[in-house]
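>>> With the input below, show me the fold.
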Amino acid sequence: MAERGRCPGCGSAALVEDALYAQQQLVCAACGCVLAEGLLTTTYTDEEHLREVAYSQSTGQKEQLSRCLQRGIRRVQDLCKVLQLPGAFEETAVSYFQRALQLPAFHLVSLEKKELLGGCCVFVTCRQHNWPLTMGTICSLLYAKQELFAGVFLSLQRELGLSVPALSLADLVKTHLNSFQLFQPSADIPAPFLEDKEKLVARTMGIVELASQAWLVTGRHPVPVVTAAAFLAWQSLQPRARLSCPLARFCRVAGVDLPPPAHLRLREMLDILQGMASQLAWLRGFNLDKKTVVKHVGDLLQHRVFLLRKAFCQEQGEEEHDGATGQGSSQGSPSHPVVTQAKSCPLAGKHQREGPLRPLLPPCLIHPRKRLRPAAPSASDSTITGHEPISDSEIEQYLRSPEEIRAFRRAKAW
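Presented below is the predicted three-dimensional model:
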């Protein structure tokens, strides 16, 4: 920087040379008055020869952002402000959006997909920073279909080569329960329905972990699982006043949508809880059903690992005892261990009438919805029995050694 003369506007001698893109300007540091401007150049060759060029060909014009890119960056920034994300998240999402628009795969896509691209960049950034954000939340803010959003998200992940970790169930439980309206007193919420947030989150987390250990989460949409677990946790904290409340009313009072599969997830969780309750010594004398078992959710969660393992091992033991009973009956001698077990367990007679307990397997293996139909045999297959004679032209394919070939020729000549 070099000072030259004085500013005609303010009389200051603080004149400096400032480079605006590729244009040199003489500016007054006191008042900001531009005293002289240089030439616009685009390349080093033009700068060396001081060749004047049009502004549309200058570096300043080339560095301006396109209208589509500006609109997309504003959309990304607005999403980050609505979600109250940190500033580092916003910078990362904007950089992803700028990189994506430079790829040919996103040049000729529709305007709707370009608008969803900004939401996908925000979604990827939150997942990478372990920020609890679901795809449904982004789609509700963008008024977009989840199928279309998922397609753009997969294209972005593939084109940029991004590593996107899956959202953990713990973060999803906290995020989903934050939208419940059961923690603040209100005129629309009865007093017995109010609950402490920390207690509900902790109990729901325990039920979701139990469902994960019982194969009820794998391959399922997480929101119905969390909704059913939250309902069970809410009932178990004050069962006397809440057992009569159905799932639909609970979701309506909490101000959340009721996903259709939540009833199925609730039924599966209650089945697991009933099986675990039959293994507790102090609960064997009670005839627990799907409503009364909710009262003992706290005890079941406290010993869930032991109870699941014991229930699974006992089922194997019952199968072995059943096999021993069958062998004993065929030999004419009864099996005494089975009689002892039946006397010690009050539910043994019920299990014998209803069949063996359900093994701890994924529900899709226990109750498959679709069964593979055996293929109808064709006319040619039905005529093949395997005893057809081998013709002379085919038998050479089965003979390997030269000795076998010579023996076959001698037998044929004879």
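>>> Kindly provide the distance from the residue nearest to T204 when sequence neighbours are not counted to V201.
Distance criterion CB to CB, 6 or more residues apart in numbering; nearest residue to T204, sequence neighbours excluded, is A233 at 4.3 Å. The C-beta positions use only the backbone N, C-alpha and C, and glycine is treated the same way. Look at A233 and V201: by CB to CB, to the nearest Å, they are 8 Å apart.
>>> Please apply the same query to L307.
23 Å.
>>> who has more neighbours, those two?
L307 (22 against 19; other CB atoms under 10 Å).
>>> which regions of the stretch 301-414 of the chain sit below the pLDDT cut-off?
Within the stretch 301-414 of the chain, the segments meeting pLDDT under 70 span 311-359, 369-386, 392-400.
>>> do the chain as well
Checking the chain against pLDDT under 70 turns up 1-4, 19-24, 37-65, 167, 311-359, 369-386, 392-400.
>>> Quickly list the domain ranges of it.
Split into domains by the TED database, the chain comes to 1-53, 68-165, 170-313.
>>> want to throw these into TSV with distance to A411?
Listed next are those as TSV, based on distance: least, CB to CB, whole Å:
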stretch	distance to A411
domain 1-53	92
domain 68-165	66
domain 170-313	62
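>>> which residues in the chain form strands?
Along the chain, counting by DSSP state E, strands occupy 15-20, 23-28, 34-37.
>>> Report the distance from the shortest one to the chain centre.
Translated: strand 34-37. 59 Å (CA atoms, centre = their mean, to the nearest Å).
>>> partners of that strand in the sheet?
strand 23-28 (antiparallel) (DSSP bridges).
>>> hang on, the residue nearest to T204 packs against R203?
Yes: if you go by CB atoms under 8 Å, A233 and R203 touch, sitting 3.6 Å apart.
>>> For those two, indicate the residue with more neighbours.
More crowded of A233 and R203, by other CB under 10 Å: A233, with 26 against 22.
>>> need the contact list for the more buried one.
Counting by CB atoms under 8 Å, 6 or more residues apart in numbering, A233 makes contact with L200, R203, T204, G206, I207, V297.
>>> contact partners of stretch 296-314?
Under CB under 8 Å, 6+ apart, the answer for stretch 296-314 is 203, 206-207, 209-210, 213-214, 232-233, 236, 273, 275-280, 283, 288, 293, 357, 359-360.
>>> Just give the closest residue to M205, not the sequence neighbours.
Using CB to CB, 6+ apart, the nearest residue to M205 is V173, at 5.6 Å.
>>> if I read this right, the one you found contacts V226, doesn't it?
Yes: shown here, V173 and V226 form a contact pair, counting by CB under 8 Å, at 5.5 Å.
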